[in-house]
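> Model the following, please.
(2 chains)
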There are 2 protein chains.
Amino acid sequence: MEKISKIWLGKLPPDSLYVKPFRLFYVQNGTEKNWDLLKVHDSVSIILFNKTTNRLVFVKQFRPAVYHGIVSSAGDSIENIDLEKYPPKIGVTLELCAGIVDKDLSLVEIAREEVLEECGYDVPVERIEEIMTYRSGVGSSGAKQTLFYCELTDEDKLSQGGGVDDELIDVVEYSIEDAKKLVSKGSVNNSPPSFLFGVLWFLANKVPQ
Amino acid sequence: MEKISKIWLGKLPPDSLYVKPFRLFYVQNGTEKNWDLLKVHDSVSIILFNKTTNRLVFVKQFRPAVYHGIVSSAGDSIENIDLEKYPPKIGVTLELCAGIVDKDLSLVEIAREEVLEECGYDVPVERIEEIMTYRSGVGSSGAKQTLFYCELTDEDKLSQGGGVDDELIDVVEYSIEDAKKLVSKGSVNNSPPSFLFGVLWFLANKVPQ
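Model prediction:
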């Protein structure tokens, strides 16, 4: 799915729209300290369950940051990447449908748009249930993420999804049994913890025990 | 606990040890794309349960990135922060004991060190159980986090914890009932999703249902 033919690294330009790094200084208990961080957008994330197929709906996509993290943690140069040694598919992640808050819409309206754009299901906001909020990162970014839950049916399916503009997103469905394996001991996930939390929250709260 | 008297913002210096931003370029499906990201350290995180008190052991600390995220999302200037309007305590988070992988030790040894330094419990590595791995962020960083679980008793307590050097970390204990509230619908958390996942994983796997 990832269809990637070349990968290379460059400098962050000072006008990046997505990564704005800073150093925050503060005085704590009389001692001056500092912390390097970056401003990222708040976001929404949606647990999707298709009642027609009895399956959870997730998205798969190539994530440059994950690919970079894997190659650089292996200790290899990221300047001149060997795509045979590090095939792009190692950077493909399994995630909940999600999106950043960069429009003047309510959070649930942004969630509704992402469900349509990424996954192709057209649902009214009344069917999207807010679950909770948390901080998507606490080390280098402290953005807020709001988690939603929405039940779908095949009748809500309007398109194939896949994202807008030049996004390349695959929509995949997981049975409840397969979803349980993702959050079981020994699992190795190319997924963020927000995904694992969403899956486990669904299993604990929406599936009859 | 946070004891903070002043906060101000500066530029990220080019030699930051913690935030190394880049732009990764790639050709996908014939189209050149790019993504701004940063290299952060891999990390470990440990779910701690004190069998003597029947309580989960967490840490609280002031997180500059969360404080910055809250102030900047409110649309206020972060250049000149009014500490009365935005008291530092809004940047205090509740988290699992955790640490970055920046030493030449095995992951479980790093976990053992963090349990001692942050929480004051001295446990052998044989009692620390590896649960799973995931990517701690997929948007701007793709670092790996390994989650562990460890049961403690009051007899393991060697010190008050609180971190090393000038870290200011509070160790707090939560009953199982109070922990359930953190992962319930409607909860507003100043915590990362890895924390919520760890709590929910503990409730689902280590507490008799």
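> what ranges do the helices span in chain A?
Applying DSSP state H to chain A gives helices spanning A:64-73, A:107-114, A:176-182, A:193-205.
> Out of these, which is closest to B:Trp8?
B:Trp8 lies closest, by CB to CB, to one member of these: helix A:64-73, at 28.6 Å. Placement of C-beta: from N, CA and C, glycine included.
> rewinding a little: can you say which of the helices of chain A is nearest to chain B?
With CB to the nearest CB, the closest approach to chain B among the helices of chain A belongs to helix A:64-73: 3.0 Å.
> circling back to that earlier point, how about the helices of chain A in CSV, adding mean pLDDT, mean neighbour count and distance to B:Ser141?
As requested, the helices of chain A are exported to CSV (pLDDT from 0 to 100; neighbours: other CB atoms under 10 Å in any protein chain shown; distance: least, CB to CB, whole Å):
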stretch, mean pLDDT, mean neighbour count, distance to B:Ser141
helix A:64-73, 90, 23, 5
helix A:107-114, 98, 21, 21
helix A:176-182, 97, 14, 21
helix A:193-205, 98, 23, 13
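> Distance to chain B added to those helices, as TSV?
TSV is the format used below for the helices of chain A (distance: least, CB to the nearest CB, whole Å):
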stretch	distance to chain B
helix A:64-73	3
helix A:107-114	12
helix A:176-182	9
helix A:193-205	4
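> Those: which one's closest to B:Lys39?
Closest to B:Lys39 of the helices of chain A, according to CB to CB: helix A:64-73, at 5.7 Å.
> Next, name the residue at the spatial heart of chain A.
Nearest to the mean C-alpha position of chain A, by CA atoms, centre = their mean, lies A:Glu95 at 5.0 Å.
> and that one, how far is that from chain B?
To chain B, A:Glu95 is 7 Å away according to CB to the nearest CB, to the nearest Å.
> List the contacts of that residue.
By CB atoms under 8 Å, 6 or more residues apart in numbering or on different chains, the contact set of A:Glu95 is A:Phe58, A:Val59, A:Lys60, A:Gln61, A:Ser191, A:Pro192, A:Phe195, B:Val138.
> same thing but 10 Å
A:45, A:58-61, A:63, A:118, A:169, A:190-192, A:194-195, A:198, B:135, B:138-139 (CB atoms under 10 Å, 6 or more residues apart in numbering or on different chains).
> With A:Thr153 instead?
Contacts of A:Thr153 by CB under 10 Å, 6+ apart are A:Asn50, A:Lys51, A:Thr52, A:Thr53, A:Tyr121, A:Val123.
> Can you pick out the most distant pair from these?
Maximum pairwise distance among the contacts of A:Thr153 (CB to CB): 15.5 Å, between A:Thr53 and A:Val123.
> Between the two, point out the one with more neighbours.
A:Val123 (20 against 13; other CB atoms under 10 Å in any protein chain shown).
> that older thread, as CSV, the contacts of A:Thr153 with distance to B:Ala74 and pLDDT would be great.
Rendered in CSV, the data for these read as follows (distance: CB to CB, whole Å; pLDDT from 0 to 100):
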residue, distance to B:Ala74, pLDDT
A:Asn50, 37, 97
A:Lys51, 38, 96
A:Thr52, 41, 97
A:Thr53, 41, 96
A:Tyr121, 32, 97
A:Val123, 30, 98
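> possible to save the residues you listed as CSV with distance to A:Ser77?
Listed next are the contacts of A:Thr153 as CSV, based on distance: CB to CB, whole Å:
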residue, distance to A:Ser77
A:Asn50, 43
A:Lys51, 48
A:Thr52, 48
A:Thr53, 44
A:Tyr121, 42
A:Val123, 46
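> Among the residues you listed, name the ones that also lie close to chain B.
Near chain B, taking CB under 10 Å from any CB of the partner chain as the test, no member of these is found.
> Name the nearest of those relative to B:Glu177.
Using CB to CB, A:Lys51 comes nearest to B:Glu177 of the contacts of A:Thr153, at 32.0 Å.
> A:Val123 is in contact with A:Arg112, isn't it?
Yes: between A:Val123 and A:Arg112 a contact is recorded at 6.5 Å, counting by CB atoms under 10 Å.
> Need the residues touching each of these two.
Overlap of the contact sets of A:Val123 and A:Arg112 (by CB under 10 Å, 6+ apart) consists of A:Ile46, A:Cys150.
> low pLDDT regions in chain A?
Scanning chain A for pLDDT under 70 picks out A:1.
> redo that, cut-off 80
Counting by pLDDT under 80, the ranges of chain A that qualify are A:1-2, A:75-80, A:163-167, A:208-209.
> what about the residue sitting furthest away from the middle of chain A, distance to chain B?
The outermost residue of chain A relative to its centre, with distances by CA atoms, centre = their mean, is A:Gly30 at 39.0 Å. Distance, A:Gly30 to chain B, by CB to the nearest CB: 8 Å.
> Can I get stretch A:200-209 as PDB, trimmed to CA atoms?
Output of stretch A:200-209 as PDB, limited to C-alpha atoms (Å, rounded to 0.1, in the frame of the first residue of the first chain):
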ATOM      1  CA  LEU A 200      -9.000  -1.900  25.100                       C
ATOM      2  CA  TRP A 201     -11.600   0.700  26.100                       C
ATOM      3  CA  PHE A 202     -14.000  -0.700  23.400                       C
ATOM      4  CA  LEU A 203     -13.400  -4.200  24.600                       C
ATOM      5  CA  ALA A 204     -14.000  -3.300  28.200                       C
ATOM      6  CA  ASN A 205     -17.000  -1.100  27.700                       C
ATOM      7  CA  LYS A 206     -18.800  -2.000  24.400                       C
ATOM      8  CA  VAL A 207     -18.500  -5.700  24.100                       C
ATOM      9  CA  PRO A 208     -20.700  -7.900  26.300                       C
ATOM     10  CA  GLN A 209     -18.300  -9.700  28.700                       C
END
